[in-house]
Structure formats: C-alpha cells, structure tokens
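J.: okay, predicted coordinates and the sequence, questions at the end:
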Amino acid sequence: MTEKLYYKSAYIKEFDAKVVSCEQTEKGFCIVLDKTAFYPEGGGQPCDLGTINGIKVTDVQEKGEDVVHYTKEEIAVGEEVHGIIDWERRFDLMVQHSGEHLVSGFINRRFGYNNVGFHIGGEMITIDLDGEITKDELREIEAQTNDYIWENHKAEILYPSPEELKEMQYRSKKELTGEVRIVRFPNGDTCACCGTHVETTSEIGFVKLISVQKFHEGVRIEMLSGKRAYEYIAKAVDENSKISALLSAKVFETSAAVERLLDENQQLKIKLSAAENNAISIIADKYKGIETTTLINQPNFTPDNVRKLAAALIEQNSGMCCVFSGDDENGYKYAVAQKDGDLKALVKEMNTALSGRGGGKPFFAQGSVNAKWADIEEFFKNK
Ligand SMILES: [Zn+2]
C-alpha cells in the first residue's frame, strides 16, 4: 500500500521515497513507491506530472491500494528516489477543482441541482447539472462565489465516522462505502471528494462562469478559476480592444457598433439588389424582340443574377438566350434558356465542348464552363 503524501498535505512539491516495484508494461515502466506525492487521476482531477530521479512521469493511476507511476526508463527496486511534482500544473488543478466545488455548492444550496459531470480539460472546465439555470442566475452564482472567495475561508478536510456522516449534509456523486473524505468550505460547500484542493479560498483568486447551455436534462456550465480565468479575460479584453479600434467605438460600446454595422450592411444589400435588378431590366430591354440567339458576356454577375437576366430575356425574345459571366482565367457561369425550348441536347454538347457542368429544365439550364470567351463565341456561332 502506497503512503499517500498528497493527503498529508496537498502542498508537498518534492519528496523522498523507495522503489517497491518496477515492471515493464505496454505503457512503459510501471513504478510503485513506498510513498508518493503524485496525485493519481481520479474524482474528475487529472493526474500529476513531474519527475522521479529526473525521469519524466507520463501518467499516474490508482491500482488497488497502490499508486502507480509510468515512466519511459527503469528504476531499480530498492533504490532511494527523489520525486518532484510539476507544481504549476498541480496548483492549477487544485485551483480549478476548488473553484468548481464552490460553484457546484452554491448552485446546490440555491436550486438543489446536482453536479452530475465534471471535467477539467486542457482549456475549459465543465460542470453538468441535472437542472436548468439562466444566464442571469449564472451571474448571481458567480458574484456570490467570488464574494465568498475574497472572504478568504479555510478549507477543512474531515473523515467523519459513519454516525457523523449520517447527520452530515454533503454532496456526493455516488454511494460511498468505507472511509469517506469530506472537503468542507464552511458555509460554502461540503462535498465527498478524493481530490486535491487549496487551503484557503483566496488562492483561487476568482471564478469566471463563461457560458451555460442546455445539456441532456439540465445544463452544461463552462467555467475557469484563477490564472486560467485571468488569461481568458485578458485575451477577451485584447480582442475587444481591437474591435473597438476598428470601429472607433468605446470599449463598452462595441456590440452596439457591430449592430449598427450589420444594419448598414443589410441596407446596402437591399440597395445593391435593387440596383442589380434595375441593371438586369435595362440589359433585357436592350435585347428586346430578338428572334435569333442572344449571347451575352456580363462580367461580375453572381450566378443568381446570371439566372435572373436569362429569365428576363426569354420573356421578351423567342430566340435562345445565353448569359455568361466570368473571365478566361477562372471560367464562366452560365444560364442558357429559350421560352418553350428544349435545350437538353445543346447543353450536353456545350458542356462537352467547353469543359462545363450543369443542367436544369429542358427550357432553362444553369452551370459553369471552364473555357475561354473566344471558344464560347465559337461554339454558339450558327446555333
Ligand atoms: Zn474535490
């Protein structure tokens, strides 16, 4: 059985121990020490990383009563070793984990919802609840949690007797057997948990609840604590500053400025569409009453406008109307149409001759060709 130093104190960063066993496995060498400060993955908290005698620890897992460390190099059984925890990583995990306790605790106190899923990711921490809360309620929980953090409460670790446990109000994800470890933030949260936590709430710094979205029967909350929260906010502030400079808007008025921009954009689209429709009828009028084939190269038309012009032309002409838009380098979009005509064979022939693709109804085909304008003109000569 490994002596778990992380339960003596979550602040042990280095320790001396003796190698009890070292086996080669598919994952590398699997090392058991007589004691360890390496926290194994569990309770939603990822494992510690670091070194043993300078050798990198790649994974730490609980195996029965033992803690097993995986390394790429062998260490002899009986050897005295020195373990060093990657403290930056561990402290971050303690901070994220403790922040999550408080948020889950305050939500549970106010709404009675349970945390049914907890994940510390590389970037984001998520909490899944079995009930729904709104964005406004999320802000209230955030404010309450931060006020509590700044009051600098001390965390307590308790091992209550079964009788004491019966009387205790605490959160727990599963039915517990054997000795139960309780982590209590007085008047904040009481939770059965095997992870590592900060000693005082001020170490968390602050929490930021990023988002709340419907998830299964409840919601998923994204949150960050401490340095991760600070770095997220710093990035968001930088991003907002850029938007502010681009739109010449004050930093707290960027969304109103974007709204105005979107509105202007919408108005421009409406104006552009009217101008395009006007251009289409002017062009259509220019070719009015033609009984032979009309071939038009209209640069910078969208496929939709190519279609609209062809549709307008066949209302006024009995001949075949062929509208192209594009250039020799990138090819041309086309609409080929004739009122009551059957152009299937012609379109097929055109696609073959001009490396094209497309089709449609017998009287109206749309598509594109990968050809030069001179070749297009050549194809339609005598058609
Ligand atoms: Zn915990």
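T.: Now that the structure is in, tell me what you want to look at.
J.: hey, let's count contacts and neighbours off CA atoms from now on
T.: Will do.
J.: mean confidence score for the lengthiest strand in the chain?
T.: If you go by DSSP state E, the chain has its longest strand at strand 14-25. Average pLDDT, strand 14-25: 98.
J.: same question for stretch 94-102.
T.: Stretch 94-102 comes out at a mean pLDDT of 97.
J.: still on that earlier bit, ok, and what's touching the longest strand of the chain?
T.: Residues outside strand 14-25 that contact it (C-alpha atoms under 8 Å, 6 or more residues apart in numbering) are 29-37, 74-85.
J.: following element in sequence after it, please.
T.: Next along the chain after strand 14-25, taking DSSP states H and E as the criterion, comes strand 28-33.
J.: angle of that next one against strand 14-25?
T.: For strand 28-33 against strand 14-25, the angle by axes from the mean of the first three to the mean of the last three C-alpha atoms, to 10 degrees is 140 degrees.
J.: what packs against the following helix or strand past strand 28-33?
T.: Counting by DSSP H and E, the next helix or strand C-terminal to strand 28-33 is strand 35-36. Judged by 3 or more C-alpha pairs under 8 Å, 6 or more residues apart in numbering; DSSP states H and E, strand 35-36 is in contact with strand 3-4, helix 5-8, strand 14-25.
J.: which strands and helices sit next to the first one?
T.: For strand 3-4, the helices and strands in contact under the criterion 3+ C-alpha pairs under 8 Å, 6+ apart are strand 35-36.
J.: how near is the residue in the stretch 251-383 of the chain that the ion sits nearest to to residue 136?
T.: Here the stretch 251-383 of the chain gets closest to the ion at one residue, residue 252, 36.7 Å apart by C-alpha to the ion. Noted for residue 252: a distance of 19 Å to residue 136, by C-alpha to C-alpha, to the nearest Å.
J.: tell me the contacts of the residue nearest to the spatial centre of the chain?
T.: Centrality entry for the chain: nearest residue to the mean C-alpha point is residue 124, 9.1 Å, by C-alpha atoms, centre = their mean. When contacts are counted by C-alpha under 8 Å, 6+ apart, residue 124 touches 222, 223, 224.
J.: would you map the strands across the stretch 1-150 of the chain?
T.: Under the criterion DSSP state E, counting those that start in this stretch, strands of the stretch 1-150 of the chain are mapped to 3-4, 14-25, 28-33, 35-36, 50-52, 55-63, 66-71, 80-85, 115-120, 125-129.
J.: least reliable of these going by mean pLDDT?
T.: strand 115-120 (a mean of 93).
J.: what angle sits between that strand and strand 125-129?
T.: Using the same axes, to 10 degrees, strand 115-120 lies at 170 degrees relative to strand 125-129.
J.: how about the CA coordinates for strand 115-120, as PDB?
T.: Provided in PDB are the C-alpha atoms of strand 115-120 (Å, rounded to 0.1, in the frame of the first residue of the first chain):
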ATOM      1  CA  ASN A 115     -23.300  18.300 -10.400                       C
ATOM      2  CA  VAL A 116     -23.600  15.100 -12.400                       C
ATOM      3  CA  GLY A 117     -20.500  15.500 -14.600                       C
ATOM      4  CA  PHE A 118     -17.300  17.400 -14.000                       C
ATOM      5  CA  HIS A 119     -14.300  17.700 -16.400                       C
ATOM      6  CA  ILE A 120     -11.100  19.600 -16.200                       C
END
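J.: alright, I will stop here.
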